[in-house]
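> Curious how this folds, go ahead:
(chains A, B, C and D)
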2 protein chains.
Amino acid sequence: MRPKTEPLSWMRTPGTTADGPQYLALRDQMALNIEMGNLPPGAKLPSERQLQTGTGTARGTIREALFQLEAEGLIYRRDRSGWYVSPPAVTYDPTRWAGFMTYVTEQGRTPSTETLSKESAPAPSVVADIFRVAPGTPLHTIRRRRMIDGRPVLVERIIVDPALAPDLLSHSLDGSLTHILTTHYGITVARNRVDMRPCALVREAADALGAKSGTPGLLVVRTSFDTAGRVVEYDQEYWRHDAIRVHVDLNVR
Amino acid sequence: MRPKTEPLSWMRTPGTTADGPQYLALRDQMALNIEMGNLPPGAKLPSERQLQTGTGTARGTIREALFQLEAEGLIYRRDRSGWYVSPPAVTYDPTRWAGFMTYVTEQGRTPSTETLSKESAPAPSVVADIFRVAPGTPLHTIRRRRMIDGRPVLVERIIVDPALAPDLLSHSLDGSLTHILTTHYGITVARNRVDMRPCALVREAADALGAKSGTPGLLVVRTSFDTAGRVVEYDQEYWRHDAIRVHVDLNVR
DNA sequence: GAGTGGTCTAGACCACCTT
DNA sequence: AGGTGGTCTAGACCACTCA
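Purely as a prediction, here's the structure:
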């Protein structure tokens, strides 16, 4: 219908080179709209079928452009609700000891936490190795969802050795866990190990974040140790990829 | 044609719950093949049209499953060549001072570097601010592509102040840049700032990596300072997301 | 030149969110 | 109940890679 080798010039954002696929041109158009501030963070985009009207473009092509913007972190979707402009990311500094509640607040945003489940479950062998206990030993397992300005940005699974914090699960866990461990159990964290890698949000994590399975994410795994070298807390956090930045500043000593 | 509410049981990987879309079942099948070692790292997958044969599945659905695996970092594609199983990622530790060549070698892999361009270019105002020079001041700009075991994993743009390293561009830049700065110019790096965020590989970066625009990536920005607090080197690295892991280990002092 | 992935169309029905 | 995105089909042609 439309010649592909010579896209219509009026479809293009001014300044864009005239080559490349149509969905990238659409992407440029929408990106411009967002960056110019016509669509502020949190704003809802027109529906996919509305974006089609008049353009003669197939819905699949429109979606291709939306996926591109999603991968870039400019927009996100709420399952079966619509597409929205992403709020700015927060910065996480693994060299500081501040918890989520603290650093999100410091950046002028409003954090909140929701406990999804808490139970004492037998340790699978992988986890048992980390805690240096026998496989099957019951360990506290907590699943939480954390929000920034009401938007879910991460789900986490925290594992704590009951030997160090016996009736941890009887506390309210909707605040800072570190604070509870310090105040109620006199635990001092002396070492923190952090691993990070880009990932995809699969099923469980995606569902909990109201995202689609397969949307890009960042997996942050934190292991903290006390002064005796015992593992205090093992935490896997699945972040929406557009919600986090990592910052590390190091000086030679 | 096929009832969507009750997918055919023989299409499913044993052990998978019977709900969920068809492309996730396909994903499970393929993932199993990879994890069982039937397809070793680097192996080429059958073509999309081959994967269709006999299944009555549309090509789009097959691709959906492939995209999923790509997002998870299990497979990657070489543009218009095919889909391949991803090699293991390397681990990057921003708290160490080791360069790419060093830490890749340490992990039993073979690093290589290719200089794409080197020139002295006037500083855009954003970059000028970082180096605390007037906008338009000529700065060394180097673009490189780096490979692990022959596979391109990152492209970077490095900017260096010529005041600190006058005829840097006359050197061969296919090795360790840090080494050159230290040996030939007596520069000591005293501080390192690292920023990381998930991103999408857009046009330029994607092309240089032989990837498709929009594939997920990780952007690593490093700024190094000398003992006097001057910016020595400013480096933007665009990584394939399946090629890197970040590891930080911190002790209280 | 054969084969690959990349792009695009034009439909359809579904599950779920929203009101 | 109506609208949204999510999934799926069945084609088509293209640009490019590879042998």
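> mind checking the SS state of residue A:184?
helix (DSSP: H, G, I helix; E, B strand; the rest coil).
> From DNA strand C, how far out is it?
Distance, residue A:184 to DNA strand C, using CB to the nearest atom of the strand, to the nearest Å: 37 Å. To be clear about C-beta, it is placed using only N, CA and C from the backbone, and glycine gets the same treatment.
> Could I get the contacting residues of that residue?
Neighbouring residues of residue A:184 by CB atoms under 8 Å, 6 or more residues apart in numbering or on different chains: A:165, A:171.
> Next one, pLDDT for it please.
The model reports residue A:184 with a pLDDT of 93.
> Could you look up the SS state of residue A:115?
strand.
> Now for it, how many residues are close by?
Neighbourhood size, residue A:115 [other CB atoms under 10 Å in any protein chain shown]: 13.
> Can you give me the neighbour number for the closest residue to it other than its chain neighbours?
Once flanking residues are discounted, residue A:115 sits nearest to residue A:173: 4.8 Å by CB to CB, 6 or more residues apart in numbering or on different chains. As a burial measure, residue A:173 scores 19 neighbours (other CB under 10 Å).
> mind listing what residue A:173 touches?
Contacts of residue A:173 (CB under 8 Å, 6+ apart): A:113, A:115, A:118, A:142, A:144, A:180.
> Remind me what whichever strand or helix holds the fourth one packs against, helices and strands.
The secondary structure element spanning residue A:142 is strand A:138-148 (assigned by DSSP states H and E). Where contact means 3 or more CB pairs under 8 Å, 6 or more residues apart in numbering or on different chains; DSSP states H and E, strand A:138-148 is packed against strand A:111-122, strand A:151-160.
> Tell me which stretches of the stretch 151-253 of chain A form helices.
Secondary structure of the stretch 151-253 of chain A, counting by DSSP state H, counting those that start in this stretch: helices at A:177-185, A:203-208.
> and the first one, how far from the chain's centre?
Spelled out, that is helix A:177-185. 25 Å (CA atoms, centre = their mean, to the nearest Å).
> Quickly, which of the helices of the stretch 151-253 of chain A bottoms out on average pLDDT?
Across these, the lowest-scoring stretch is helix A:203-208, with a mean of 88.
> in that one, what's buried?
A:205-206, A:208 (16 or more other CB atoms under 10 Å in any protein chain shown).
> OK, now which residue of the stretch 101-250 of chain A is nearest to DNA strand C?
Per CB to the nearest atom of the strand, residue A:210 is where the stretch 101-250 of chain A lies closest to DNA strand C, at 7.3 Å.
> Now that residue. Its backbone dihedrals?
In terms of degrees, to the nearest 10, the main-chain angles of residue A:210 are phi 70, psi 30.
> Apart from its chain neighbours, what residue comes closest to residue A:148?
residue A:109 (5.1 Å).
> My error: substitute residue A:189 in the last question.
Per CB to CB, 6+ apart, closest to residue A:189 is residue A:224, 4.6 Å.
> The closest residue to DNA strand D within the stretch 101-250 of chain A: what's it in contact with?
Residue of the stretch 101-250 of chain A nearest DNA strand D, by CB to the nearest atom of the strand: residue A:212 (4.2 Å). Under the criterion of CB under 8 Å, 6+ apart, the neighbours of residue A:212 are A:77, A:79, A:206.
> Dig out what the first one forms beta bridges with.
Each beta-bridge partner of residue A:77 is listed here, defined by DSSP bridges: residue A:83.
> isn't it right up against residue A:67?
No. Residue A:77 is beyond contact range of residue A:67, at 9.7 Å (criterion: CB atoms under 8 Å).
> May I see the buried residues of stretch A:81-89?
Across stretch A:81-89, burial judged by 16+ other CB under 10 Å covers A:83-87, A:89.
> any idea how far whichever residue of the stretch 1-150 of chain A sits closest to DNA strand C lies from DNA strand D?
For the stretch 1-150 of chain A and DNA strand C, the shortest gap (CB to the nearest atom of the strand) falls at residue A:22, measuring 2.6 Å. According to CB to the nearest atom of the strand, residue A:22 and DNA strand D sit 12 Å apart.
> doesn't residue A:58 make contact with that residue?
No. In this structure, residue A:22 is not within contact of residue A:58 by CB under 8 Å, at 9.7 Å.
> More neighbours: which of the two?
residue A:22 (20 against 11).
> Mind exporting the C-alpha coordinates of stretch A:226-240 to PDB?
Output of stretch A:226-240 as PDB, limited to C-alpha atoms (Å, rounded to 0.1, in the frame of the first residue of the first chain):
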ATOM      1  CA  ASP A 226      26.700  -8.800  60.800                       C
ATOM      2  CA  THR A 227      29.900  -8.200  62.600                       C
ATOM      3  CA  ALA A 228      30.400 -12.000  63.100                       C
ATOM      4  CA  GLY A 229      30.100 -12.500  59.300                       C
ATOM      5  CA  ARG A 230      26.700 -14.200  59.600                       C
ATOM      6  CA  VAL A 231      24.100 -13.600  57.000                       C
ATOM      7  CA  VAL A 232      21.500 -11.300  58.400                       C
ATOM      8  CA  GLU A 233      19.300 -10.700  55.400                       C
ATOM      9  CA  TYR A 234      19.100 -12.000  51.900                       C
ATOM     10  CA  ASP A 235      16.900  -9.800  49.600                       C
ATOM     11  CA  GLN A 236      15.900 -10.200  46.000                       C
ATOM     12  CA  GLU A 237      14.400  -7.100  44.500                       C
ATOM     13  CA  TYR A 238      12.700  -7.000  41.100                       C
ATOM     14  CA  TRP A 239      12.500  -3.400  39.900                       C
ATOM     15  CA  ARG A 240      10.700  -1.900  37.000                       C
END
